[in-house]
Each structure stands twice: as C-alpha cells, then as structure tokens.
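A.B. asks: With the sequence up front, the predicted model follows.
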Amino acid sequence: MGDRYLVFVWDSGESSVAPSSLPDGYRSTLWRPSWRRLVPPGDSEPSLYVWWLMHHLRGFRNKSYAALVVYSRGDVAHRSLVFPPSFVFPFMRPDDLQIGLVSTAPSHRRRGLAVFAIRDVLRRLGRPGRRFWYLTEESNEASVRAATAAGFLVGGTAFKHHRLGFRRLGSFELLSEGVARDR
C-alpha cells in the first residue's frame, strides 16, 4: 500500500531567492539539532525525536538536517523540516535537501507563513549545485500552492512505499521525472 505524490524541485544557482518578510508579530529561526537540543523549542511532534536520532546516528547522507520555525508570541505557528538524503529519498544526490513535514497551525493559516519558510530555507541553505525537493500529496492544494509560490517547478510524480504498515517508515520512488531528469 502507498500514496501518490507530486514532486517539486528547485536548483540552487539557477535562480536567486529574494528575501521576504513575515507579517507583524512573527519571528523565525533556523533550528539545528544538537545533543542537548533534540527538537525545536516549543515543538513536541513525536516524529521529531526520530529525525534527531537519525541525524546523530548518521542516517542522513549529510549534516544539514534542520527546521525553519516561525513563532508567534512564543508559540510555534509554522514548521518546515529540512531533510538530507536517506533511505526515504533514495533518488536524492548526497548534497540535496528535501523540505517536508510543512505544517502551519490552523489559527495562523492563510498568512503566507509556509511560502516564507520555504523561501527562507532556500535562501539560507542554498548553494551552487544543491537541489531542493518538495513532495506533497496530489490532493493537498494548499501545499501545491505554497511550493509553486515559493518558486518550485513540478519535477514529476512519486509513489511512497510503506514499510511494515507504517507511512513514516516508507520510501519514495520517482515514477516520472520531468525536470528532475537533468540530475
């Protein structure tokens, strides 16, 4: 059992990312894990502990695991995780990154926080030769809008294979590549 996803790509060096600003009352930070900082402050998503463990056990092919977190009055209003290549994304090159688990709290939606966060990740972590990936379920219209508004191009489609019946343990297989073919 699995799911179909749209695959978006953005190549560093091919286009620059103009700085954007947050609405009043918001602030952002690029969080990076450490032995003492397991998850971004104020975020308690259980899967974050698994990603922290993967980072420290070298389950990723580079050390760029991070999260762009947007806060409002100390609360997490938005989070976009940045994943290096791993068994989950076997098609990625060693220096590539995938922006995923993009989540905006319901009371903060429709304010451009996702587009800001995605663009800020591209601006902060982009460098020549690095490709960014963004995958979303085909039916997730808000996520598709955010990816295209941030400057991503549709790169094809993918299928997520589930492992042991768990969605989070699955891996993605590119079905059609489009833009992604020029790797």
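C.D. replies: Alright, I've got the coordinates. Numbers count the residues shown, from 1 in each chain.
A.B. asks: what secondary structure does the residue most central in space within the chain sit in?
C.D. replies: Central residue of the chain (CA atoms, centre = their mean): residue 99, 1.4 Å from the mean position. At residue 99 the chain is in strand, as set by DSSP: H, G, I helix; E, B strand; the rest coil.
A.B. asks: residue contacts, residue 7?
C.D. replies: 133, 134, 135, 154, 155, 156, 157, 158, 174, 180 (CB atoms under 8 Å, 6 or more residues apart in numbering). The way it works is simple: take the backbone N, C-alpha and C, and place the C-beta from them, glycine included.
A.B. asks: Confirm that residue 117 sits in a strand.
C.D. replies: No - under three-state DSSP, residue 117 sits outside any strand and is assigned helix.
A.B. asks: quick one on the thing from earlier: skip the chain neighbours and tell me the closest residue to the residue nearest to the centre of the chain.
C.D. replies: residue 134 (5.1 Å; CB to CB, 6 or more residues apart in numbering).
A.B. asks: Give me the contact list for the helix or strand where the one you found lies.
C.D. replies: Counting by DSSP states H and E, the element that carries residue 134 is strand 131-137. The contact list for strand 131-137 (CB under 8 Å, 6+ apart) reads 3-12, 89, 92-93, 96-100, 118, 121-122, 125-126, 143-144, 147, 150, 152, 155, 158, 172, 183.
A.B. asks: Which ones among these lie within helices?
C.D. replies: 118, 121, 122, 125, 143, 144, 147 (DSSP state H).
A.B. asks: How much space separates residue 23 from residue 112?
C.D. replies: Distance, residue 23 to residue 112, by CB to CB, to the nearest Å: 7 Å.
A.B. asks: Ok, residue 63 next?
C.D. replies: 30 Å.
A.B. asks: Looking at those two, which is more packed in?
C.D. replies: residue 112 (18 against 11; other CB atoms under 10 Å).
A.B. asks: so who does residue 25 touch?
C.D. replies: 72, 73.
A.B. asks: Could you report the separation of it from residue 77?
C.D. replies: Taken as CB to CB, the span from residue 25 to residue 77 is 9 Å.
A.B. asks: Also residue 141?
C.D. replies: 21 Å.
A.B. asks: In terms of neighbours, single out the busier of those two.
C.D. replies: Taking neighbours as other CB under 10 Å, residue 141 and residue 77 compare with residue 77 leading, 25 against 10.
A.B. asks: returning to that earlier point: wait, the residue nearest to the centre of the chain sits on residue 81?
C.D. replies: Yes - Residue 99 is within contact range of residue 81, at 7.3 Å (criterion: CB atoms under 8 Å).
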